[in-house]
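*Asks:* how would this look folded up:
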Amino acid sequence: MQFTKYTGLGNDFVFLDGASALSVKDPFLLAVKMCDRRFGVGADGLVLLLPSDKADVRMRIINSDGSEAEMCGNASRCVALHWFTRKRANKKQISLDTLAGIIRTDIIDLEKGLVRVDMGQPRLTRSQIPMTGAADERAVNVLLDVNGIQVYGTAVSMGNPHFVTFVENAQTAPVVELGPVLEKHSAFPRKTNVEFVQVLDDKTVRMRVWERGAGITSACGTGACATAAACVLNGKTGPSITVKLDGGDLFIEWPEQKNIFMTGPAREVFTGEWPEN
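*Replies:* Numbers count the residues shown, from 1 in each chain. You can find the predicted model right below:
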C-alpha cells in the first residue's frame with residue numbers, strides 16, 4: 001500500500017489515498033500498526049481519504065490507539081494540501097466530509113503550506129459536547145474532581161469533545177498526570193481531549209494538549225479552536241488569538257461568536273510503501 005506522511009505543527013499523520021484507502025479491511029488494527037513509532041511508520045493517527053457524495057473528499061481519522069476521531073483540525077489542513085498538490089482538485093478551496101460535518105478549507109499560501117479552515121460553530125451545551133449534567137446548560141468554568149484534586153475548566157466541542165483548563169504555567173502543567181485521568185473522566189461519556197492553557201495577553205495564549213486516543217501531541221487544531229472559545233467565554237482574551245503550541249503557532253478567529261476559523265501550516269514529510277493491510 002502506498003502511503004504519504006504529513007505533519008501539521010508536529011501533529012503527524014499517515015495518509016492512505018485511492019486504492020490503498022479502499023483496500024483497508026481493518027482500519028483500527030492497521031492504525032495501531034502503522035502509527036507505532038518503533039515498529040511502524042510512526043504517527044498520531046491514520047487518515048483514510050475516501051470518496052464522498054457530499055464534499056470533495058471524505059476524511060476518516062483513526063487515532064494511534066485504534067479509536068476513531070470525529071474530526072481533526074491539523075489533519076484537515078494536511079488533507080487540503082494533499083488533495084490540491086496531488087491534483088485531485090483544480091481549486092484551492094477543498095471541502096472535507098467528516099463525522100463532525102462538512103469542513104471547508106482554503107489554501108492561502110501554497111509555498112508555505114498555509115491553510116485556513118472554517119471549523120464551524122463550537123458546540124457549547126452539555127448535550128452537544130457531550131458531558132453529563134443538564135442538557136441545555138453550558139459547562140463554563142465548571143469544577144471536576146480528579147482523584148481528590150479540584151480542576152476547573154470549560155467544555156467545548158468542535159465536533160469532538162474538549163476540556164480547557166487554565167493554568168499559571170503551561171510548560172510545567174501536570175499534562176501527563178491529569179491528562180489521561182481527565183480524558184476518561186465519568187463526566188465525558190465519549191472521553192475528552194484536554195487542553196492546559198496559559199494566557200499570555202489578550203491576543204496570545206500558550207497551550208499544551210493531551211489528545212484523546214493519542215496522548216501528548218505537539219499540536220491540536222480542534223483543541224486550539226476550543227481554547228479560543230473557552231478564552232472568550234471566560235473573558236480571558238479577545239475573539240482573535242495566536243495559540244502557541246509545542247509544535248508552533250495557530251491563528252484562531254471567532255468573529256461574532258459564530259464560526260471559528262483556524263489558520264496554520266501543513267507539510268508533506270515523505271511517501272512510502274506499507275507491506276501489509
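*Asks:* ok, which stretches of the stretch 1-150 of the chain are strands?
*Replies:* 2-8, 11-16, 45-50, 57-63, 68-69, 93-98, 101-109, 114-118, 142-146, 149-157 (DSSP state E, counting those that start in this stretch).
*Asks:* what's the closest of the ones you listed to N259?
*Replies:* Taking Cβ to Cβ, strand 114-118 is the member of those nearest to N259, at 5.6 Å. For every residue, glycine as well, the C-beta is placed using N, CA and C.
*Asks:* now for the closest one, which elements pack on it?
*Replies:* helix 73-85, strand 101-109, strand 261-265 (3 or more Cβ pairs under 8 Å, 6 or more residues apart in numbering; DSSP states H and E).
*Asks:* so what strands line up beside it?
*Replies:* Note on strand 114-118: by DSSP bridges, its sheet partners are strand 101-109 (antiparallel), strand 261-265 (antiparallel).
*Asks:* so where's this protein shaky on pLDDT?
*Replies:* Along the chain, segments meeting pLDDT under 70 span 277.
*Asks:* give me whichever of the strands of the stretch 1-150 of the chain is most buried.
*Replies:* Mean neighbour count (mean count of other Cβ atoms under 10 Å) peaks for strand 11-16 among the strands of the stretch 1-150 of the chain, with a mean of 27.
*Asks:* and V47, how far from A266?
*Replies:* Note on V47: its distance to A266, by Cβ to Cβ, to the nearest Å, is 12 Å.
*Asks:* which residues are common contacts for the two?
*Replies:* Residues touching both V47 and A266 by Cβ atoms under 8 Å, 6 or more residues apart in numbering: 6, 78.
*Asks:* give me every residue that touches P265.
*Replies:* 8-9, 77, 112-115, 248.
*Asks:* returning to that earlier point: out of the helices and strands packed on strand 114-118, which comes closest to M158?
*Replies:* M158 lies closest to helix 73-85 among the helices and strands packed on strand 114-118, at 7.2 Å (Cβ to Cβ).
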